[in-house]
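Colleague: All I have is the shape, not the residue letters:
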């Protein structure tokens with residue numbers, strides 16, 4: 001598990017990092033809010049630990065900024081500010097937990113593990129939910145929604161949409177589609193794939209400004225917002 005720590009107290013930062021690494025975490029240490037926000041643009045973490053009173057951008061503003069694009073990664077505020085108003089401010093900015101300094105490292109570890117278990121459980125629930133822009137595909141219930149509106153698809157249309165979505169933006173050829181969606185149960189010389197792509201476009205894209213289903217000429221099809 002990868003942890004990103006925002007803490008400008010060099011001694012506490014080093015001690016906390018050492019403790020976490022002794023408990024099988026990796027921990028990157030950051031000392032100001034501006035660098036923290038740059039760091040998470042190109043790196044993935046499982047949990048954030050944020051002090052409030054740090055240089056450049058304070059921890060509460062960092063928390064609010066993170067939550068504007070990342071709703072799921074757990075955030076724990078670690079701060080010397082213990083007033084209820086400070087805690088209220090942190091939770092208003094969608095922090096998951098708040099620990100007042102000085103604290104026992106073991107208590108922090110318990111809280112971290114609790115949040116990480118919840119995160120893993122939530123991710124497992126979401127395995128059957130695919131989200132692309134405002135498109136939601138529920139594989140378990142075989143339902144599709146776009147901008148909150150349910151879209152009725154036939155079974156084969158649904159299977160084709162799921163196949164395109166699970167390609168995660170990669171282009172898939174007609175041959176790949178026939179092998180994975182139709183399993184060679186029809187004549188691949190027909191234009192069946194093209195016909196079904198057009199069916200999907202009418203249902204998924206026609207009424208919406210942002211188009212999701214695209215053709216890469218000579219290669220195949222892909223699903224991604226442009």
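Modeller: Everything's here; your move. What you are looking at is a predicted structure, and each value in this text was computed from that prediction instead of being measured.

Colleague: Contacts for the helix ranked longest in the chain next, please.
Modeller: When secondary structure is assigned using DSSP state H, the longest helix within the chain turns out to be helix 105-125. When contacts are defined by C-beta atoms under 8 Å, 6 or more residues apart in numbering, helix 105-125 is touched by residues 1, 3, 15-16, 19-20, 23, 46-47, 49, 72-74, 76, 78, 96-97, 99. Where you see a C-beta, it was placed from the backbone N, CA and C, and this is true even at glycine.

Colleague: Using neighbour counts, give me the buried entries of those residues.
Modeller: The neighbour count (16 or more other C-beta atoms under 10 Å) marks 1, 3, 16, 20, 46-47, 49, 73-74, 76, 78, 96-97, 99 as buried among the contacts of helix 105-125.

Colleague: Give the buried residues for the longest helix of the chain.
Modeller: In terms of neighbour count (16+ other C-beta under 10 Å), helix 105-125 has its buried residues at 108, 111, 112, 115, 116, 119.

Colleague: Against residue 70, how distant is the last one?
Modeller: Look at residue 119 and residue 70: by C-beta to C-beta, to the nearest Å, they are 12 Å apart.

Colleague: same deal with the fourth one?
Modeller: Applying C-beta to C-beta, one obtains 14 Å for the distance of residue 115 from residue 70.

Colleague: and if you look at the first one?
Modeller: With distances taken as C-beta to C-beta, residue 108 is found 21 Å from residue 70.

Colleague: just checking, next helix/strand downstream of the helix or strand bottoming out on mean pLDDT in the chain?
Modeller: Ranking every helix and strand in the chain by mean pLDDT, DSSP states H and E puts helix 105-125 at the bottom, with a mean of 83. Secondary structure here is assigned by DSSP states H and E; on that basis, the next helix or strand after helix 105-125 toward the C-terminus is strand 129-132.

Colleague: Tell me the secondary structure at the spatially closest residue to residue 103 that is not a sequence neighbour.
Modeller: The spatial neighbour of residue 103 that comes closest, neighbours along the chain excluded (C-beta to C-beta, 6 or more residues apart in numbering), is residue 78 at 7.1 Å. Three-state secondary structure (criterion: DSSP: H, G, I helix; E, B strand; the rest coil) places residue 78 in strand.

Colleague: Check residue 158 too.
Modeller: helix.

Colleague: does it really touch residue 144, like I thought?
Modeller: Yes. Because the distance of 6.9 Å satisfies C-beta atoms under 8 Å, residue 158 is recorded as touching residue 144.
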